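S.K.: A predicted structure for the sequence below; I have some questions about it.
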Amino acid sequence: MENMFMDFISNTGFAMADYRHIIMIIIGITFIYLGIAKHYEPLLLIPIGFGILMGNIPVFKGLGLGIYEDNSVLHYLYFGVTSGVYPPLIFLGIGAMTDFSTMLARPLLMLLGAAAQMGIFLTFLGALALGFAPNEAAAIGIIGGADGPTAIFLTAKLAPMLIGPIAVAAYSYMALVPVIQPPIMRLLTSRQERLIRMEEPREVSKLEKIIFPIIGFLLCCFLAPAALPLLGMLFFGNLLKECVVAERLAQAARTSIIDSVTILLGLTVGASTQADVFLTPQSVGIFVLGAASFCVATASGLLFAKIMNMFLKVKINPLLGAAGVSAVPDSARVVQMVGQEEDPTNFLLMHAMAPNISGVIGSAIGAGVLWSFMS
Amino acid sequence: MENMFMDFISNTGFAMADYRHIIMIIIGITFIYLGIAKHYEPLLLIPIGFGILMGNIPVFKGLGLGIYEDNSVLHYLYFGVTSGVYPPLIFLGIGAMTDFSTMLARPLLMLLGAAAQMGIFLTFLGALALGFAPNEAAAIGIIGGADGPTAIFLTAKLAPMLIGPIAVAAYSYMALVPVIQPPIMRLLTSRQERLIRMEEPREVSKLEKIIFPIIGFLLCCFLAPAALPLLGMLFFGNLLKECVVAERLAQAARTSIIDSVTILLGLTVGASTQADVFLTPQSVGIFVLGAASFCVATASGLLFAKIMNMFLKVKINPLLGAAGVSAVPDSARVVQMVGQEEDPTNFLLMHAMAPNISGVIGSAIGAGVLWSFMS
Amino acid sequence: MENMFMDFISNTGFAMADYRHIIMIIIGITFIYLGIAKHYEPLLLIPIGFGILMGNIPVFKGLGLGIYEDNSVLHYLYFGVTSGVYPPLIFLGIGAMTDFSTMLARPLLMLLGAAAQMGIFLTFLGALALGFAPNEAAAIGIIGGADGPTAIFLTAKLAPMLIGPIAVAAYSYMALVPVIQPPIMRLLTSRQERLIRMEEPREVSKLEKIIFPIIGFLLCCFLAPAALPLLGMLFFGNLLKECVVAERLAQAARTSIIDSVTILLGLTVGASTQADVFLTPQSVGIFVLGAASFCVATASGLLFAKIMNMFLKVKINPLLGAAGVSAVPDSARVVQMVGQEEDPTNFLLMHAMAPNISGVIGSAIGAGVLWSFMS
Amino acid sequence: MTGMEAISAHNGWAISAIGVTIVFTGLTVLSLTISQLHKVLAFMERKKSDSQKRAEGAKEIDVSDIIIPGDMKETAREYKMIIDRMDAPFSLPRLLELSEKCGLNRPYSNLNDLIGSGLIEPDGEGYYRWKGPDNP
Amino acid sequence: MTGMEAISAHNGWAISAIGVTIVFTGLTVLSLTISQLHKVLAFMERKKSDSQKRAEGAKEIDVSDIIIPGDMKETAREYKMIIDRMDAPFSLPRLLELSEKCGLNRPYSNLNDLIGSGLIEPDGEGYYRWKGPDNP
Amino acid sequence: MTGMEAISAHNGWAISAIGVTIVFTGLTVLSLTISQLHKVLAFMERKKSDSQKRAEGAKEIDVSDIIIPGDMKETAREYKMIIDRMDAPFSLPRLLELSEKCGLNRPYSNLNDLIGSGLIEPDGEGYYRWKGPDNP
Ligand code: NA
Ligand code: NA
Ligand code: NA
């Protein structure tokens, strides 16, 4: 009996934990703290943070507890991540929640959402240069898309072992958008530019809003078929929302479906950061590249807006370019905030939603392109 | 780089599309149009329509985009169809929404729901005569049941490759019930008959409503065990609804469960109509037989009601027979409409729900019988 | 044709049923009756009861109807039980519904929840003594934990063939808590003891409630890592609830997720009681041991409370010990009821929630320990 | 193979005949059972209330009592517990929200009952007060 | 392999160039399409209403009619059926609850419309009455 | 094999003893931790508010502020945006519906707060008006 007792003791977390578990648990608690106390993307940081705790309780192998063991509960739930099913379901819900009106009213602003995706490809090049394999480099590049589900989807398809670090990097930086973007925005724009006011957008008719998801889907997916799972669901959710007659389906998509999937995705992505696969030199590279890609993406959006202004009669406020990175809706809020620092009566939020949402479409297309080249 | 670019271009939908994709996309848009503009079964036509679009974006093989590729997101979601899991879950929700009171008050009207199932078996014979294999003929026959989940369930079990055409045919005709049924109804009934008024149904006690799903389940499934997955869930859902003490489960069944499954089922069934498996001579046969079966089913219900009237002292309005095809609740509404054409103060809707719902039970039994003979 | 007809008849339930099906159907109806008419755990007894009916319709093998046939709908839904996924999801919802305040206010009462788990281990010994294999004995022991999801989870991992009888035994006795516990409570306590009043608990701050699930999770799972799937989800759900900023996720966990899973778990656990695996001498043993374990657990809680009183200045009401078995919230209500028999102005319910909930944690730890020894 | 030949070869006639028969049998038997069910229930009800009248005098028993979950008293007790934690007078939407959070069943309907029965009363200024006994 | 060498070896430049091009092409084409869409719709609308004016005289047609599900009449009919089963005057929360149970769409919004259009009126004591025709 | 023999053979005694020990240890440690937790929190709170008092004078800080999501201002701004798109005076159920559609958090509770704080006021005829500043 004494033997069995010592055996049991040696299998507890207290006996098996080493410094790496402690580090990861501190990271997990930090995520939870940022989500709760700072309101940084709480719906994602809290599940991911708790998932990090669950994935880093030191457990013995063989019983089926760890997320990488075949018959564990976490493994079954993680299947929605590795199979790529969760991200499209989240896009379905996002589609059913998103109002594309502002974008439809000023389609020109969509180009800012395209420009900010430069971050993806420059990071991809940077990752290649740092010695990452092409599939890994593509997955790392997508961090610059500033769009969690897209990043997880592409990584699941191209480099499943990196899901943990890439998701954590992507969500960390998305949460830190209010910290990362403002200095770049102030640096690259003049006070005059930041003071530019945008015109009231025109009224968008119901019919336009119904037709848009169909046309948008066909155009984008004819051009980049590999964006089908993400954009198909996004536009389908939006059609459900706008057509009114399927309101109960839209309601399901934007409540029970997206909330349930968010819980499971956050938790398992967090748990996939088991210390031994997360605390590697690779992860350091991923975090450095991720930070760079957010900066590049922000700068690209801003600069492209300034270039557009050279050709436009009615100038646009270049701050809107920063919203092109997606990170919906945080980067749009940052635009609003930085704009109001100069002129408290200047409301940019609504206008910033246009590049913000087109940035989502842009990074899904970018992910599709990278995926089709890597397969 | 030029090579890669040409390569990419040749893999876009623009380069790969042929006339068949265009046809299917037009069909998909038509479904969406009918659902939104005409309110024909919008909760089903819109997801199926968009699914047709998603399934007919021309994609290259190998990446895992098409619904028939093993590791695609659509394939995983489609598993609920091929495994037969979605239709029973929809029946669970239908059970939790349906009030069987009118049927319990006038059980005689259930026979009309039986009569209308003749359409199933005559179509089965017709399909055999046209040269379809027996399992395919059975799946085609069930179109005459006018019940989407039942048709999809049986087809998934007997002839999975026909799910696309059969589901599209079934839902098309269900959507067109207001167009198909009225002429037949006017042709086969006299003005006198259409003017018949039904008695107020008796009050049904709570206890009866609670006991009914249990007795109904045991009787039907002892007689036709293969109807178990569908009828079990239907009656279970109804028990949850009627027993009051499990209201929160009934609520889940009739909202989040049925709505989520409807989205996934509609989308994947639509996507299963990939041009190469859908645009075949077989599909033409299926559509012709499907139309015939709806007409036969309607006529059978009407004529059986007239036969019943020969033996009844208090006559029933034979229009009610047309509601026996199921297509809940559209065919009941059609009965109401045609009845009110003759006498605007004659309310048949409530009475028509009895054959309407018993038609659902009838076609599930019919599906069970066909399934057990084909296996 | 005559042959086919006779064939069909011989495959109906009427021809295939024997006395065992009848017994099981009566048991199923009894469960439904107890749930509806007596309000004993209706959310579980009704699905399990109807599941018993569904599992005991006599069906022919080969078509894929029975829950133990590979391709049946019930089998697919049952996978959530055998894989162990459903119970943690239910714990997620319970966590998102439970207010740990009373427990945080009087942590001393948690020891009662520990004491009542003696039932688990004494039953385990009893089952070994009756000749059950160790893994079966462990699964039987957990009935004494009076916690449905925990019992189903452990049984799925250790002795999957016993899921039916063990779940039915566990839920039967949980439903019968208002019948089983009061005599034992009256026997083991004096009138003086039952009259003891508890102090108002102190106010618990929001911050405590947020920190508790994190600390609780780390402590319990470091000590008994095998409790991770259950306790991880329980505490995670509670964190979602308490942190406020993730309210919509907590809402999903406590409505659509838990309700959907409860339906599927109840139904399939019920259906797993197919007569041939349920009506065995083993099951008799399981029921006898289960009853014993509930009595032992109740007695242990009561007696431990009396022992604690020897050392405490401010005495606690020993009736609270009976709430330690879990069976949330029925056993806490029983405490309230028995207490009020002596003094109608004595409100014990809130205080009884503390041992009640800690009993859930206690049995999850116990399950973890047994699991890690049996693997 | 097509036409009548195909139908015969695959037992089409037999299958259809049996199918139609089974569907009709099923719904007919169900129809008959239902048509007798309420008579049986009414008979049992009568018998039960007869025997109870004899046993308990004139006290009437309503079956629906068995089925309706929780009586008003239980409901009142649950809501009183929540109301106690709110300021008085309290706001109805907040009570609804809290009762939903506490997982109480069908808060809309129950609150309506409580208001209908006078246990909760409006204070005339958009807020409400508990008017029932302190320990319902 | 690292640096420029690694990028070239894995076609990094080409992939990035194509990727950026495709993203820009996609959003530009979409942007152009959208900017033309409402003009096309407005044109069609004008043409349609012109031809209809010629056909039906001055009668105006509102496109939104095609899209909004069910007209008020259908809604009124459905709610009337439920109200008929309740006592008069009835309570609004209970009506909401019942209409949700019956699976009616968007009860809040619809009831609001009904009240707005005067079909349902408050009786001044917290309850409501049906004021519309008996068979809407 | 049955009886004591079976128990011994399968290490029953040892497993049970360890099991009971672990369960007790777990809940005891948890119980101790909890009982200290609020003391630690109170101590930290005191220390923090002391240092802040010294730094900022008498200005009081409430921890709960850190936890409650969004302040009233943010809420007011969001609802104002919706109200601006409605007719004035507006109907409360419709506002609720719209705010739910826009995905705002806990509309019931928030609206209640807004009414409570006087930002939204009834117009006396069943409708409501915005009474707050134009740019909250
Ligand atoms: Na982006
Ligand atoms: Na039918
Ligand atoms: Na327990």
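M.R.: Perfect, thanks for sending it. Ligands and ions are numbered 1, 2, ... in the order given.
S.K.: near A:Glu2, how many other residues are there?
M.R.: Using other Cβ atoms under 10 Å in any protein chain shown, A:Glu2 has 7 neighbouring residues. C-beta coordinates here come from the backbone N, C-alpha and C atoms, glycine included.
S.K.: mind checking how far it is from F:Ile18?
M.R.: According to Cβ to Cβ, to the nearest Å, A:Glu2 and F:Ile18 sit 10 Å apart.
S.K.: same question for A:Ile210.
M.R.: Distance, A:Ile210 to F:Ile18, using Cβ to Cβ: 65 Å.
S.K.: one more: A:Leu176?
M.R.: A:Leu176 is 46 Å from F:Ile18, where distance means Cβ to Cβ.
S.K.: residues from chain A in reach of ligand 1?
M.R.: Neighbours of ligand 1 within chain A, by Cβ under 5 Å from the ion: A:145-147, A:326, A:359, A:363.
S.K.: what's the closest of those residues to C:Gly113?
M.R.: The closest of the residues of chain A next to ligand 1 to C:Gly113 turns out to be A:Asp147 (Cβ to Cβ; 44.8 Å).
S.K.: possible to save the residues of chain A next to ligand 1 as TSV with neighbour count, secondary structure and distance to D:Val29?
M.R.: Below are the residues of chain A next to ligand 1 laid out as TSV (neighbours: other Cβ atoms under 10 Å in any protein chain shown; DSSP: H, G, I helix; E, B strand; the rest coil; distance: Cβ to Cβ, whole Å):
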residue	neighbour count	secondary structure	distance to D:Val29
A:Gly145	30	helix	62
A:Ala146	33	coil	63
A:Asp147	32	coil	58
A:Ser326	31	coil	61
A:Gly359	31	helix	63
A:Ser363	32	helix	61
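S.K.: what's the closest of the residues you listed to A:Ile316?
M.R.: A:Gly359 (15.4 Å).
S.K.: surely the closest one meets A:Gly119?
M.R.: No: with contacts counted by Cβ atoms under 8 Å, A:Gly359 stays clear of A:Gly119, the gap being 10.0 Å.
S.K.: list residues touching both of the two?
M.R.: Here A:Gly359 and A:Gly119 have A:145-146, A:325 as joint contacts, going by Cβ atoms under 8 Å, 6 or more residues apart in numbering or on different chains.
S.K.: any residue of the top helix by length along chain D touching ligand 2?
M.R.: Counting residues, the longest helix in chain D under DSSP state H turns out to be helix D:12-56. No: figure legend: helix D:12-56 not in contact with ligand 2 (Cβ under 5 Å from the ion); closest approach 9.5 Å.
S.K.: what is the mean pLDDT for that helix?
M.R.: Across helix D:12-56, the average pLDDT comes to 86.
S.K.: find the closest residue to chain D in chain A.
M.R.: Taking Cβ to the nearest Cβ as the measure, chain A has A:Thr255 as its residue closest to chain D, at 14.2 Å.
S.K.: list phi and psi for that residue.
M.R.: The phi/psi pair for A:Thr255 (degrees, to the nearest 10) reads phi -120, psi -90.
S.K.: how close does the spatially closest residue to it that is not a sequence neighbour sit to C:Lys241?
M.R.: Sequence neighbours aside, C:Ala252 is the residue nearest to A:Thr255 in space, at 7.1 Å (criterion: Cβ to Cβ, 6 or more residues apart in numbering or on different chains). As judged by Cβ to Cβ, C:Ala252 and C:Lys241 stand 11 Å apart.
S.K.: swap in A:Gly366?
M.R.: Distance from A:Gly366 to C:Lys241, counting by Cβ to Cβ: 38 Å.
S.K.: neighbour count for those two, which is higher?
M.R.: Neighbour totals were compared for A:Gly366 and C:Lys241, and A:Gly366 leads with 32 against 25 (other Cβ under 10 Å).
S.K.: which parts of the helix or strand containing that one are buried?
M.R.: For A:Gly366, the element it lies in under DSSP states H and E is helix A:349-374. Buried residues in helix A:349-374, counted by 16 or more other Cβ atoms under 10 Å in any protein chain shown: A:349-374.
S.K.: ok, which of those residues also contact ligand 2?
M.R.: Among the buried residues of helix A:349-374, not one lies near ligand 2 by Cβ under 5 Å from the ion.
S.K.: what's near enough to touch residue 41?
M.R.: Chain wasn't specified; assuming chain A. Contacts of A:Glu41 were listed using Cβ under 8 Å, 6+ apart, and they are A:35, A:171, A:174-175, A:330.
S.K.: ah, I was thinking of chain D
M.R.: For D:Leu41, the contact set (Cβ under 8 Å, 6+ apart) comprises B:205, B:207-208, B:211.
S.K.: got it, and A:Ile32?
M.R.: For A:Ile32, the contact set (Cβ under 8 Å, 6+ apart) comprises A:45-46, A:49-50, C:214, C:239, C:243.
S.K.: domain parsing for chain D?
M.R.: Segmentation of chain D into domains, based on automatic domain parsing, reads D:4-59, D:64-130.
S.K.: pull the helix or strand with minimum mean pLDDT from chain A.
M.R.: The least trusted helix or strand in chain A, going by mean pLDDT, DSSP states H and E, turns out to be helix A:2-10, with a mean of 81.
S.K.: now for that helix, which elements pack on it?
M.R.: Judged by 3 or more Cβ pairs under 8 Å, 6 or more residues apart in numbering or on different chains; DSSP states H and E, helix A:2-10 is in contact with helix C:349-374, helix F:12-56.
S.K.: contacting residues for residue 10?
M.R.: Just so you know, I chose chain A. For A:Ser10, the contact set (Cβ under 8 Å, 6+ apart) comprises A:Met16.
S.K.: wait, I meant chain D there
M.R.: Applying Cβ under 8 Å, 6+ apart, we find D:His10 in contact with B:128, B:134, B:137.
S.K.: give me the element the last one is part of.
M.R.: Using DSSP H and E, the element containing B:Ala137 is helix B:134-141.
S.K.: that helix vs ligand 2: in contact?
M.R.: No: using Cβ under 5 Å from the ion, helix B:134-141 stays clear of ligand 2, with a minimum separation of 11.6 Å.
S.K.: export that helix as CSV, just CAs?
M.R.: Extracted in CSV, the C-alpha atoms of helix B:134-141 (Å, rounded to 0.1, in the frame of the first residue of the first chain):
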residue,chain,number,x,y,z
PRO,B,134,-35.1,-1.2,-56.2
ASN,B,135,-33.1,0.8,-53.6
GLU,B,136,-33.1,3.9,-55.8
ALA,B,137,-36.8,3.4,-56.6
ALA,B,138,-37.6,3.3,-52.9
ALA,B,139,-35.7,6.5,-52.3
ILE,B,140,-37.5,8.2,-55.2
GLY,B,141,-40.9,6.9,-54.0
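S.K.: got the angle for that helix vs helix D:12-56?
M.R.: Put simply, helix B:134-141 runs at 60 degrees to helix D:12-56, going by axes from the mean of the first three to the mean of the last three Cα atoms, to 10 degrees.
S.K.: let me see the mean pLDDT of helix B:134-141.
M.R.: Here helix B:134-141 scores 94 as its mean pLDDT.
S.K.: repeat for stretch A:239-248
M.R.: Averaged over stretch A:239-248, pLDDT sits at 92.
S.K.: is that stretch positioned near chain C?
M.R.: No: residues of stretch A:239-248 contacting chain C under Cβ under 8 Å from any Cβ of the partner chain: none, with a closest distance of 13.5 Å.
S.K.: what does chain D put close to chain B?
M.R.: By Cβ under 8 Å from any Cβ, the residues of chain D that approach chain B are D:1-4, D:6-7, D:10-13, D:15-16, D:18-20, D:22-35, D:37-38, D:41, D:63-64, D:67-69, D:105-106.
S.K.: who touches A:Asn309 in this structure?
M.R.: With contact set as Cβ under 8 Å, 6+ apart, A:Asn309 has these partners: A:193, A:315-316, A:318.
S.K.: tell me the one of those nearest ligand 1?
M.R.: Nearest to ligand 1 among the contacts of A:Asn309, counting by Cβ to the ion, is A:Pro318 at 17.8 Å.
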